[in-house]
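Undergrad: build me a structure from this.
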Amino acid sequence: MDTRLETQLIENDFTIGVTFRHSARAAEFRCNHLDLRVGDACVVDTERGPCIGTVNRSRIKAEGRRCHKQLRNVLRKATPRDIEVDKRNVEKEKGIYRGARQKIQEYRLRMKLSQVEVTFDERRAIIYFTSEDRVDFREMVKQLAAECNVRIEMRQVGVRDEAKQLGGNGICGVKLCCSSFLQDFAPVSIKMAKDQNLSLNPVKISGVCGRLMCCLTYEQDFYKEMQKIVPRTGKTVITPEGRGKVLVADFLRQRVTVMVEGEKGIMVFEAAQVQLAFPPQQQQQGKRPGGQQDGKRRDRDNRDRDRGPRPPREQQQQTRPPAAEKDLPPEQLIKELEADGENGGNGSNGEPA
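TA: I've put the predicted structure just below:
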């Protein structure tokens with residue numbers, strides 16, 4: 001039988017969900033020979049060797065279900081000795097954490113300590129940390145290993161991975177997506193917040209990790225489609241009552257609130273009743289082509305000629321990535337976006353795709 005199919009197809013196996021002390025996300029394991037219930041402690045086989053965890057989902061029969069990776073087995077139900085070892089490891093982790101904090105302050109290292117994990121065999125301690133720069137922690141590791149009499153391993157993680165490990169609740173009050181069901185981190189850009197007419201307030205669009213919230217990607221496809229139907233805020237449109245400017249674009253109800261020219265004031269129309277007065281390339285400038293715009297274009301062409309030929313477009317993107325695609329705190333993204341002139345004078349709205 002094909003080995004690849006054996007690792008992907010689960011025929012008559014019973015599986016359970018297990019959570020660990022150092023990871024908020026549950027993992028699935030085979031438990032054919034054990035009857036485990038929610039809340040039981042068990043020892044499982046992991047990539048780093050045996051590890052103790054807690055059952056958070058009772059056993060189910062996974063018949064005919066395909067799995068993308070090979071599931072590991074539950075070794076045994078935790079014995080009193082296993083629980084005692086785990087408690088001893090918890091005390092060791094606290095001591096190593098305090099020692100690492102002191103060493104970081106002593107050597108003035110630019111790093112943030114995330115958590116410490118002592119393996120079940122008590123031979124190795126893994127220290128997780130975050131840092132924006134490369135850190136030389138060799139002296140710190142030597143002294144810490146000598147004081148704690150254990151092998152120290154340093155692992156640098158990103159701020160998103162740190163939130164995935166530690167867990168918590170988002171501003172919505174629900175458990176973090178990254179520590180519950182998200183498999184991978186999808187790219188999130190500040191343009192997604194602009195497309196969804198969200199306020200560019202870093203407090204409202206940031207997650208607990210300090211980066212843009214992953215949930216901004218959930219409805220992005222819907223808003224992309226609605227931009228083709230509903231004119232955005234600030235656009236000049238032609239309505240049944242005359243020409244006007246869009247004040248509010250309601251993508252969910254497919255309506256627009258328009259300030260109609262003349263004495264008619266503010267009126268609400270269905271998106272199907274209005275159409276853009278100018279092509280999209282003229283909406284950002286707010287002027288018709290020609291005149292002063294032609295003079296600016298000539299000046300720009302003269303500057304480009306004096307500077308010489310530009311590098312290929314692919315090379316430009318490699319040397320200077322767009323601000324909206326960088327994995328930076330929202331405050332810096334907003335500043336770079338304003339510095340690059342991508343707001344186009346429309347506040348929190350940009351050009352439709």
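
Undergrad: pLDDT below threshold where in this structure?
TA: Within the chain, the segments meeting pLDDT under 70 span 1-12, 63-69, 280-326, 340-353.

Undergrad: in its sheet, what does the strand ranked longest in it sit against?
TA: In terms of residue count, the longest strand belonging to the chain (DSSP state E) is strand 49-62. Partner strands and pairing direction for strand 49-62 (DSSP bridges) are strand 13-20 (antiparallel), strand 41-46 (antiparallel).

Undergrad: dump those into TSV; add distance to residue 194 and mean neighbour count as well.
TA: Quick note: C-beta positions are derived from backbone N, CA and C, even for glycine. As requested, the strands paired with strand 49-62 are arranged in TSV below (distance: least, C-beta to C-beta, whole Å; neighbours: other C-beta atoms under 10 Å):
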stretch	distance to residue 194	mean neighbour count
strand 13-20	37	20
strand 41-46	42	18
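
Undergrad: rewinding a little: for the longest strand of the chain, give me every contacting residue.
TA: 10, 12-21, 26-27, 31, 35-44, 75, 78, 82-83, 85-86, 119-121 (C-beta atoms under 8 Å, 6 or more residues apart in numbering).

Undergrad: mind putting the strands paired with strand 49-62 into a markdown table with distance to residue 200?
TA: Output for the strands paired with strand 49-62, formatted as a markdown table (distance: least, C-beta to C-beta, whole Å):
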| stretch | distance to residue 200 |
| --- | --- |
| strand 13-20 | 36 |
| strand 41-46 | 42 |
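
Undergrad: let me know which of the ones you listed is the nearest to residue 112.
TA: strand 13-20 (21.6 Å; C-beta to C-beta).

Undergrad: what's opposite the closest residue to residue 260 other than its chain neighbours in the beta bridge?
TA: Nearest residue to residue 260, sequence neighbours excluded (C-beta to C-beta, 6 or more residues apart in numbering): residue 244, at 3.9 Å. Beta-bridge partners for residue 244, by DSSP bridges, are residue 237, residue 260.

Undergrad: centre-most residue in the protein?
TA: residue 214 (4.2 Å; C-alpha atoms, centre = their mean).

Undergrad: residues contacting that residue?
TA: 177, 178, 182, 185, 186, 188, 207.

Undergrad: and which of these is nearest to residue 156?
TA: For these, the nearest to residue 156 is residue 185 (16.1 Å; C-beta to C-beta).

Undergrad: surely the closest one is in contact with residue 159?
TA: No - contact criterion C-beta atoms under 8 Å: residue 185 and residue 159 do not qualify, at 10.8 Å.

Undergrad: residue 98 in helix, strand or coil?
TA: helix (DSSP: H, G, I helix; E, B strand; the rest coil).

Undergrad: what's the neighbour count on it?
TA: Residue 98 has 11 neighbouring residues, counting by other C-beta atoms under 10 Å.

Undergrad: who touches the host helix or strand of residue 116?
TA: If you go by DSSP states H and E, residue 116 is part of strand 112-118. The contact list for strand 112-118 (C-beta under 8 Å, 6+ apart) reads 21-22, 89, 92-93, 96-97, 100-101, 104, 124-131, 150, 157, 162, 165-166.

Undergrad: with stretch 123-131 instead?
TA: 92-93, 96, 100, 110-119, 135, 148, 150-159, 162, 165.

Undergrad: same check on stretch 198-211?
TA: 159-160, 162-163, 168-171, 176, 188, 190, 193-194, 212-214, 216, 327-331, 334, 348.

Undergrad: buried subset of the residues you listed, written for PyMOL?
TA: Burial among these is assessed by 16 or more other C-beta atoms under 10 Å; the matching PyMOL selection reads:
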select buried, resi 159+160+162+163+170+176+188+190+193+194+212+213+214+216+328+329+330+334+348
